[in-house]
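>>> using only what follows, build the 3D model:
(2 chains)
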Amino acid sequence: MSNIVINISSKRYHGSEFSIFENFKLSLQAGEFVCLLGPSGCGKTTLLNCIAGLDKQYEGEVILNNHQTQPKIGYVFQNPRLLPWRTVRENIELVLDKPYSVDHVDSLLATMQLDQVQQVYPERLSLGMSRRVAIIRAFAVNPDILLMDEPFVSLDAPTARDVRELLLNLWLQRPRTVLFVTHDLREAISIADRLVFLSASPMQIVHEIKIPIARDQRDDEQQIESFRLELKHDYPTIKALL
Amino acid sequence: MNFSKALIQSLSTLAFLGVWQGFATYLNNHTLPSPIAVAEVFWQACLSGQLPYHLAVTLWRLVISFTIAMSLGCALGIILGRHKKLDAFFDNWLILFLNVPALVTIILCYVWFGLEEAAAIFAVVINKLPNVIVTIREGTRTLDQDLLDMARCYHFNKRKTLVHVIWPQLYPFVMGATRSGLALIWKIILVVELLGRSNGMGYQLHLFFQFFDVTSILAYTIAFVTVIQLLEIFILKPLDQKARQWRR
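Model prediction:
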C-alpha cells in the first residue's frame, strides 16, 4: 500500500502559456479508492502521468509512499497500449519479474475470460478484449498504486460489470491505492470511497465527496441511483463537469 | 494459384532465355555468346574450382563488411535517432559521407592503408555505413512513444525495452537496410577487388575484361545472381514472414 501526496504548483505544456495545473493539491490515503471526474481535456490523464513518473515537466512534487520504497504502479492507459508483436499472454508476462507464477497469469486470464485467446496477437482482438488484457496486465504486477484512465470505456455493459466486480474483489483482498478516471457518475459511486470533481484548466478541485454507502451495499442499484440523484440535486454544478 | 504463379515464372525465364538465344544466333558474334555457351563455361569454371573459390572469397568479404556495417549502423542510428543534440552535431558528417563517391573512398583507403584486406573491408564498410545509419535513424524517430511510456511505467529494463519494444518497430527498417545494403555492398566489393585485390569476383571480371572474354563474364554474373536469389529465398523472405506473423 502506498499513500499519494500531490502538490503541483505549476504545470504548462511545453512552450505554452496555457497552464494546466495551478497550485493543485490532492492527497490519497494508502488503500483509498478515489474516482476523478471532470471535463475532457482538463488534465486528468496528465495528472496520472505525473504520478506514474512518465511526465516530470512540472513544478512541485508528487510523493508516493512517503519516499520510503518505490511503490509498484499498475497503469491502465486510456488506449490499451499492448505490444502488437507479442501475444496476449506474452504481453502480460513481460511486465512480471522473473520468476513469476504461471498459475497467477492463468487465473487472471480465466477471470477475464481471455484464456481462449492467450496465444493470439492483439491486432486480432476487439477493442473491448484488448482493454481487458490491459487491465489484467495492470493487476498482474500486484501494484501498490493502480492508475486507471477510463478503463471500462467501450466495454459492453455485462463485461464492464464483471470487470468492475473483479477490480473490487482484488481491491478488497488487498486494498491498494486506486485513482480511477471516469465520466460515469453511477460507476464512480458504485466503486469509490471518494469522488473528486475537477474543473477545466487550470484544473482545480471543485468538490470532494465521500461516498456514505457501505461496501456491502454497493450492488444495490436503487441506493446508488438515489445517491446519484441526491448529488445532482445538492451540487447542481457537477452536471457540467461530467 | 501457387501452381499458376510458378508456371508464369518459369515461362518468363524460358522466354528470356529464348530471346537471348535468338539474338545470339542472329548476331553470331563472340561479344554475345548464347546461353548454352555460357552454361558450358559456367560448368567448366565450377569443375575447375576457379569460380567457387573466387565466389567464396567475395562472399566472405561481403559477410564481414555487411556484419560490421549493419551492427555499427544500427547502434549509431538508434543513438542519433534518440538524441537530438548528437544528431544535430553529426548530421553534416552523415551527409558528407553519404555523398562521397564510392570510388573516392576506395582509392583513399588503398592509398592511406595500403593494398590490404583490411583496407578493402574498411572501404566497403565506409560506403555502406551512412545508409544504414540514416535508415535506422528514421526508424528510431518513428518509435511509438505510448509504448515506450508503457515500458517505462512497468519498469522494463534496457534490454527488455530494446528486445520487446524497440527492435520489433525497427525491424522493417533493418530489413530495408539489409536489402538495399546487400545490393550496394555487392557492387562496391567488386570495384574494391578490381582496384586492389588479387582474388574475388571483381578481380576475375577485370581479368576477363582484358581478354574480352564475355562468355566468362556472363557465367560469373549468373553465379552472382543465383547467390542473391538464394539469399532472398532462404534468408530474407523467411525473416520477413516471421516478422509479419502478428499482423492482421
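
>>> quick check: residues of chain A near chain B?
For chain A, the contact set with chain B under C-beta under 8 Å from any C-beta of the partner chain comprises A:49, A:52-54, A:73, A:75, A:77, A:79, A:81, A:83-86, A:94-95, A:121, A:123-124, A:137, A:141. Any C-beta I mention is one placed from the backbone N, CA and C, and that applies to glycine too.

>>> am I right that residue A:147 is in a strand?
Yes. Under DSSP: H, G, I helix; E, B strand; the rest coil, residue A:147 sits within a strand.

>>> so what's it up against?
Residue A:147 sits next to A:48, A:51, A:52, A:73, A:74, A:75, A:76, A:178, A:179 when contact means C-beta atoms under 8 Å, 6 or more residues apart in numbering or on different chains.

>>> hmm, 7 Å instead?
A:48, A:51, A:52, A:73, A:75, A:76, A:179 (C-beta atoms under 7 Å, 6 or more residues apart in numbering or on different chains).

>>> among the residues you listed, name the ones in helices.
A:48, A:51, A:52 (DSSP state H).

>>> quick check: closest non-adjacent residue to the second one.
Counting by C-beta to C-beta, 6 or more residues apart in numbering or on different chains, residue A:51 lies nearest to residue A:62, which is 5.6 Å off, once chain neighbours are set aside.

>>> mind pulling up the pLDDT for the one you found?
What the model reports for residue A:62 is a pLDDT of 89.

>>> next, format the contacts of residue A:147 as TSV and append pLDDT and neighbour count.
TSV is the format used below for these (pLDDT from 0 to 100; neighbours: other C-beta atoms under 10 Å in any protein chain shown):
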residue	pLDDT	neighbour count
A:48	93	24
A:51	91	21
A:52	91	22
A:73	91	23
A:75	95	26
A:76	94	24
A:179	94	26
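
>>> so which of these comes closest to residue A:4?
residue A:51 (6.4 Å; C-beta to C-beta).

>>> doesn't residue A:61 make contact with the closest one?
No. Look at residue A:51 against residue A:61 with C-beta atoms under 7 Å: they stay out of range, at 11.3 Å.

>>> how about the contacts made by residue B:132?
Counted by C-beta under 7 Å, 6+ apart, residue B:132 has contacts B:69, B:70, B:73, B:74, B:77, B:177, B:181.

>>> please apply the same query to residue B:178.
Residue B:178 neighbours (C-beta under 7 Å, 6+ apart): B:70, B:236.

>>> leaving out sequence neighbours, find the closest residue to residue A:65.
Closest to residue A:65 by C-beta to C-beta, 6+ apart is residue A:2, at 3.8 Å.

>>> quick one: residue A:128 and residue A:114, what's the gap?
11 Å (C-beta to C-beta, to the nearest Å).

>>> buried set for the helix or strand hosting residue B:121?
For residue B:121, the element it lies in under DSSP states H and E is helix B:117-141. Neighbour counts over helix B:117-141 (16 or more other C-beta atoms under 10 Å in any protein chain shown) mark B:119-137, B:139-140 as buried.

>>> go on, stretch A:72-85?
Quick answer for stretch A:72-85 (16+ other C-beta under 10 Å): A:72-78, A:80-85.

>>> columns distance to residue B:229 on top of these, output as CSV?
CSV is the format used below for the buried residues of stretch A:72-85 (distance: C-beta to C-beta, whole Å):
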residue, distance to residue B:229
A:72, 53
A:73, 52
A:74, 51
A:75, 49
A:76, 49
A:77, 46
A:78, 48
A:80, 42
A:81, 41
A:82, 38
A:83, 34
A:84, 32
A:85, 29
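
>>> these in strands, which ones?
Residues of the buried residues of stretch A:72-85 located in strands (DSSP state E): A:73, A:74, A:75, A:76.

>>> mind listing what the last one touches?
Taking C-beta under 7 Å, 6+ apart as the criterion, residue A:76 is in contact with A:134, A:135, A:138, A:147, A:148, A:149, A:151.

>>> can you pull out the low-pLDDT segments for chain A?
Applying pLDDT under 70 to chain A flags residues A:1, A:66-68.

>>> how about the strands in it?
Counting by DSSP E, the strands of chain A are A:4-12, A:19-28, A:33-37, A:59-64, A:73-76, A:145-149, A:177-181, A:194-198, A:205-210.

>>> send me the longest one as CSV with only the CA atoms.
Coordinates of the C-alpha atoms in strand A:19-28 are reproduced here as CSV (Å, rounded to 0.1, in the frame of the first residue of the first chain):
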residue,chain,number,x,y,z
SER,A,19,-1.4,26.4,-17.6
ILE,A,20,-2.9,23.0,-16.8
PHE,A,21,-2.3,22.9,-13.1
GLU,A,22,-2.0,25.9,-10.8
ASN,A,23,-1.4,25.1,-7.1
PHE,A,24,-3.1,21.8,-7.4
LYS,A,25,-3.2,19.7,-4.3
LEU,A,26,-4.6,16.2,-3.8
SER,A,27,-3.8,13.5,-1.2
LEU,A,28,-4.8,9.9,-1.2
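
>>> outside of that strand, which residues touch it?
A:3-13, A:34, A:43, A:46, A:58, A:177, A:179, A:196, A:201-203, A:205.

>>> for PyMOL, what selects the buried ones among these?
The PyMOL command for the buried members of the contacts of strand A:19-28 (criterion: 16+ other C-beta under 10 Å) is given here:
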select buried, chain A and resi 3+4+6+8+11+12+34+43+46+58+177+179+196+201+202+203
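
>>> residue A:128 and residue A:114 - which one has more neighbours?
More crowded of residue A:128 and residue A:114, by other C-beta atoms under 10 Å in any protein chain shown: residue A:114, with 19 against 16.
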